[in-house]
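Participant: coordinates only, sequence not included:
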């Protein structure tokens, strides 16, 4: 008896209905379990969609091809001088370098303020050492 329950019944209907009504009917049959998702896809692709026209290759006329080749030959690639490339590179990295300089300045200035506030506590040799250290740091920066 269990094999009787799972038999498939093939049903062919010729109906004159609108696509909206067909879609609603298919949805109802799917909801109550009479159609599987695969069958719904098959029905919809056969009856609810239009075939796309075959793709036509795009061709460029020979005259346009010759003109493009001739234009490519007439326009030589621009050669930049080394100075122009260096200037361009500097302009591209100007903001990064500016931020780097600003960071170094803030570190040196804040440590200078700290050293100045404690200046009298340093011995004379320590004061000369601090002065030399700041001179070297500013020269490197």
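Facilitator: Arrived safely. Because the structure is a prediction, the values reported are computed rather than measured.
Participant: how close does the residue nearest the centre of the chain get to residue 81?
Facilitator: With distances taken as C-alpha atoms, centre = their mean, residue 92 lies nearest the centre of the chain, 21.4 Å away. As judged by C-beta to C-beta, to the nearest Å, residue 92 and residue 81 stand 17 Å apart. Backbone N, C-alpha and C define where each C-beta goes, glycine included.
Participant: same check, this time on residue 36
Facilitator: Applying C-beta to C-beta to residue 36 and residue 81 gives a distance of 71 Å.
Participant: same deal with residue 130?
Facilitator: 46 Å.
Participant: these two: who's more crowded?
Facilitator: The neighbour comparison of residue 130 against residue 81 (other C-beta atoms under 10 Å) goes to residue 130, with 17 against 8.
Participant: isn't the more buried one right next to residue 122, touching?
Facilitator: Yes: with contact defined as C-beta atoms under 8 Å, residue 130 and residue 122 form a contacting pair (6.6 Å).
Participant: shared neighbours of these two, anything?
Facilitator: residue 115 (C-beta atoms under 8 Å, 6 or more residues apart in numbering).
Participant: for the chain, which spans come out with low pLDDT?
Facilitator: Residues of the chain meeting the criterion pLDDT under 70: 1-6, 15, 52, 56-78, 141.
Participant: which stretches of it form helices?
Facilitator: For the chain, helices defined by DSSP state H occupy the ranges 2-5, 19-31, 37-47, 62-74, 82-92, 94-117, 124-140.
Participant: which one of those lies closest to residue 53?
Facilitator: helix 37-47 (16.6 Å; C-beta to C-beta).
Participant: could you give me the buried positions within stretch 38-48?
Facilitator: Buried residues in stretch 38-48, counted by 16 or more other C-beta atoms under 10 Å: residue 43.
Participant: how far away is residue 28 from residue 13?
Facilitator: For residue 28, the distance to residue 13 - C-beta to C-beta - is 14 Å.
Participant: out of the two, which sits in the busier spot?
Facilitator: residue 28 (11 against 6).
Participant: now the more buried one: how far from residue 22?
Facilitator: Residue 28 sits 11 Å away from residue 22, going by C-beta to C-beta.
Participant: residue 26 touches residue 42, doesn't it?
Facilitator: No: using C-beta under 8 Å, residue 26 and residue 42 do not qualify as a contacting pair, with a distance of 10.4 Å.
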